[in-house]
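Undergrad: structural data only, the sequence is not supplied:
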């Protein structure tokens, strides 16, 4: 077990002084770390409140805490302070894989013990942690005689913002995170038009016009960067935020189940953490490991089978219409001899898959993903059908034995694809069968999918039932030594610390939307690191080289330059990175493809060189176990010059830098495939000033001269 490191400095000073104090106005307790302060108080009605400050500036004004329970509709007032506990923790641990080799977990903690006045004397604890870069808190329902099994009707947690901040948001949809971002003031949040226009999203349900998703990124007029999210989401509903446009108060809004309840609980229980990350530097937001630290250490003792990788796959050709997932175009018709009628365009056929295996083997890619290999794709979507796929029956033209043998002979790992069509019940019944099948044929990674309305009918992608389902899948996969890449799940909350086989997920608008819709605007990838990626790695499927000649739809194209697609391998962190385009498109640009061949997916160190949400991001990363560095930088629709000091390099050592940059005439819309490649001798005193085209990027590999 790799975590936590035994190099731990853990100082616990428990002031477990249980005393009874009558709640009154002015009772205040606080927890502090660095520039962060959090104050807790009970008002005259015994209602709990908190406030958050950064460097003495108010970040969260006095905000409400508590619940409405089916057993107690006033579980937000009538409390007395029954006691407190304090402790400090300072430890260092190593992730199995990640952006850095070592992670420091340093916080001060304050636990508030509350007790309801009256006959029930029900108890509630609120635990606050102060880190250098933010504040986190969660609720604990201790074991008690008068509260055992209970239902959460509403969580009343609020975040009363201190200003009308610039906000980067997507609609609070119960079933999808696949929207483009809007950038407005808090007072201007209204998701109705965005939801209405987003017809390319398979399933959407956003009943509250003023609800937004987390992670929510904001910037104040005086330069504070504020990120609100949650950590360690287990057995609870996903938190969205309702925006009061007049008061700037954000109210926790839990996704309900089929009958309108938010969570079914049994004490003792604790909720996910509510997180507020704050800094006066945008780069610090991206460097934060607070959400990861709030998750439990690994539940997997032997992690030797978990391996980050790059992979290609039979996928983009189906997204762009060159081939199909389905073997036949007729769901209910058979040929004269009683067999499915082939359409002649099925992508997951043995010969085609072998071409991709050859491509991977010839270019040092570890894996191949094949979608559309199993029967059922003829009527898989749109019918709310429960029994769609069986996860073990290949189409007639997919020889799973031959493919297994061929991939093994080439040293390439096959990646399974399990699309559920939203029918989680069907997948639950067949998970053991599916994972035994994977084990038999040497598939140690699986991409799951949940396109469609959820079954059990009436449940949503982000409700408690599905949160538990996603977590059951991760645990089941771990039992069979299988790594998970989940698509269409709820957005991640750092659980990859507890289950490092949870390698990546989608849970946002990925590169695929450039294939079949109006695409992703040029600022999209500059927002995602500050929003969706705060909770965990994203399978964004970068690496598209054929920018504007893949579609017959007029005007359809990827909204980046070719070099920006290279840069995404650095700025869009994932230990599973797809090399998403068709092999023949890479063969036209093998000099640029060299960066994709060289770039690692696992790191010892990460430096955020420069960043501004919605505008630009430049990141340098050091390869795991080696002395090579790789840099990626991206911009929005505006051109700029990235200034990159190389002071992170070892002093006194020379390096060869290979610089991939947009051509002088490059532009994401009019000339996206223009690029230049140059070489330069550099050291720690060097600085690279690299121009970036509108919608463009930069990519640099830096290798010690001795290598």
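TA: That came in fine, so what should we check first? In this text the structure is predicted, and so the values were computed from the model without any measurement. Residues are numbered from 1 along each chain as shown.

Undergrad: going forward, measure contacts and count neighbours with C-alpha atoms only.
TA: Will do.

Undergrad: mind listing the strands in the stretch 151-300 of the chain by residue range?
TA: Assigned by DSSP state E, counting those that start in this stretch, the stretch 151-300 of the chain shows strands spanning 158-161, 166-169, 182-185, 211-212, 216-219, 225-231, 239-244, 249-254, 263-266, 269-270, 273-279.

Undergrad: any chance of the ones you listed in JSON lines, with mean pLDDT too?
TA: Formatted as JSON lines, the strands of the stretch 151-300 of the chain follow (pLDDT from 0 to 100):
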{"stretch": "strand 158-161", "mean pLDDT": "98"}
{"stretch": "strand 166-169", "mean pLDDT": "98"}
{"stretch": "strand 182-185", "mean pLDDT": "98"}
{"stretch": "strand 211-212", "mean pLDDT": "98"}
{"stretch": "strand 216-219", "mean pLDDT": "98"}
{"stretch": "strand 225-231", "mean pLDDT": "98"}
{"stretch": "strand 239-244", "mean pLDDT": "98"}
{"stretch": "strand 249-254", "mean pLDDT": "98"}
{"stretch": "strand 263-266", "mean pLDDT": "98"}
{"stretch": "strand 269-270", "mean pLDDT": "98"}
{"stretch": "strand 273-279", "mean pLDDT": "98"}
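
Undergrad: now residue 433, what's its secondary structure?
TA: helix (DSSP: H, G, I helix; E, B strand; the rest coil).

Undergrad: check what pLDDT it gets.
TA: According to the prediction, residue 433 has pLDDT 98.

Undergrad: try residue 157
TA: Reported pLDDT at residue 157 in the predicted model: 98.

Undergrad: OK, contacts around the closest residue to it other than its chain neighbours?
TA: The spatially closest residue to residue 157, leaving aside those adjacent along the chain, is residue 65, at 4.5 Å (C-alpha to C-alpha, 6 or more residues apart in numbering). Applying C-alpha atoms under 8 Å, 6 or more residues apart in numbering to residue 65 gives the contacts 47, 48, 49, 50, 76, 155, 156, 157, 158.

Undergrad: which SS state does the nearest residue to residue 513 once chain neighbours are set aside fall under?
TA: Leaving aside its sequence neighbours, residue 513 sits nearest to residue 519 (C-alpha to C-alpha, 6+ apart; 4.9 Å). Here residue 519 is coil, with the state taken from three-state DSSP.

Undergrad: my read: residue 519 touches residue 560, true?
TA: No: using C-alpha atoms under 8 Å, residue 519 makes no contact with residue 560, being 10.3 Å away.

Undergrad: so if I had to pick from these two, which one is more boxed in?
TA: The neighbour count for residue 519 versus residue 560, taken as other C-alpha atoms under 10 Å, is higher for residue 560 (33 against 20).

Undergrad: dump the residue contacts of that one.
TA: Residue 560 makes contact with 522, 547, 668, 669, 672, 695, 696 under the criterion C-alpha under 8 Å, 6+ apart.

Undergrad: that's a helix at it, yeah?
TA: No: the assignment for residue 560 (three-state DSSP) gives coil, which keeps it out of a helix.

Undergrad: flag the shaky bits of the stretch 101-250 of the chain, pLDDT-wise.
TA: Of all residues in the stretch 101-250 of the chain, none has pLDDT under 70.

Undergrad: can you read off the backbone torsions of residue 595?
TA: Here is the backbone geometry of residue 595 (degrees, to the nearest 10): phi -60, psi -40.

Undergrad: that one: neighbour count?
TA: Around residue 595 there are 21 residues (other C-alpha under 10 Å).

Undergrad: thinking again about what came up before, can you redo the strands of the stretch 151-300 of the chain as TSV with mean neighbour count?
TA: Compiled in TSV, the strands of the stretch 151-300 of the chain are given as follows (neighbours: other C-alpha atoms under 10 Å):
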stretch	mean neighbour count
strand 158-161	23
strand 166-169	23
strand 182-185	17
strand 211-212	26
strand 216-219	24
strand 225-231	24
strand 239-244	24
strand 249-254	23
strand 263-266	18
strand 269-270	17
strand 273-279	23
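
Undergrad: indicate which one of those is closest to residue 426.
TA: Of all the strands of the stretch 151-300 of the chain, strand 263-266 sits nearest to residue 426, with 22.6 Å by C-alpha to C-alpha.

Undergrad: hmm, who's touching the closest one?
TA: Residues outside strand 263-266 that contact it (C-alpha under 8 Å, 6+ apart) are 148, 149, 150, 151, 152, 153, 235, 236, 237, 256, 464.

Undergrad: tell me which two in those residues are the farthest apart.
TA: Of all pairs in these, the most separated under C-alpha to C-alpha is 148 and 256 at 21.0 Å.

Undergrad: so which of the two has more stuff around it?
TA: Per other C-alpha under 10 Å, whichever of residue 148 and residue 256 has more neighbours is residue 256, with 23 against 14.

Undergrad: so the more buried one touches residue 237, yeah?
TA: Yes: between residue 256 and residue 237 there is a contact at 7.3 Å, judged by C-alpha under 8 Å.

Undergrad: common neighbours of these two, please.
TA: Common contacts of residue 256 and residue 237 (C-alpha under 8 Å, 6+ apart): 262, 263, 463, 464.
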